[in-house]
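Engineer: Generate a structure from the sequence data that follows.
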Amino acid sequence: MPRYEYRCRSCGDTFELSRPMAESSAPAACPVGHDDTVKLLSTVAVGGSASAPAPSPGGGGGGGCCGGGCCG
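Structural biologist: Next up, the predicted model:
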């Protein structure tokens, strides 16, 4: 079950809740009991690395900005 992070506007406390995705935007009360909370945007860390293919020598072979159709 995904975890979502919320911040209480009344006391400033930040807390997490595990809840179904369908309920991710439903109101959430802070642990102290305040109802004025906002869901925070979370960043997701993804492992690994991505790399672009090396350009071909001489620039031939298409590709480019539009598959080679408009590049001269």
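Engineer: For residue 39, give me phi and psi.
Structural biologist: Dihedral pair for residue 39: phi -80, psi 130, per degrees, to the nearest 10.
Engineer: Low-confidence ranges, this structure, go.
Structural biologist: When residues are selected by pLDDT under 70, those of the chain lie in 44-72.
Engineer: what are the ranges of the strands in it?
Structural biologist: For the chain, the strands defined by DSSP state E occupy 3-8, 14-18, 37-39.
Engineer: For residue 24, find the nearest of those strands.
Structural biologist: Residue 24 lies closest to strand 3-8 among these, at 5.5 Å (CB to CB). Every C-beta, even on glycine, is put in place using the N, C-alpha and C of the backbone.
Engineer: And that closest one, what does it pack against?
Structural biologist: strand 14-18, strand 37-39 (3 or more CB pairs under 8 Å, 6 or more residues apart in numbering; DSSP states H and E).
Engineer: The shortest one: which residues count as buried?
Structural biologist: Put plainly, it is strand 37-39. residue 37 (16 or more other CB atoms under 10 Å).
Engineer: Repeat that for the longest one.
Structural biologist: Buried residues in strand 14-18, counting neighbours by 16+ other CB under 10 Å, are found at 15, 17.
Engineer: Show me what it is packed against.
Structural biologist: Against strand 14-18 (3+ CB pairs under 8 Å, 6+ apart) you get strand 3-8.
Engineer: for the helices and strands packed on strand 3-8, which one sits closest to residue 31?
Structural biologist: strand 14-18 (5.7 Å).
Engineer: strands paired with the closest one, and their directions?
Structural biologist: strand 3-8 (antiparallel) (DSSP bridges).
Engineer: Give me the contact list for the partner strand.
Structural biologist: For strand 3-8, contacts defined as CB atoms under 8 Å, 6 or more residues apart in numbering pick out 13-19, 24, 28, 30, 32, 34, 36-40, 42.
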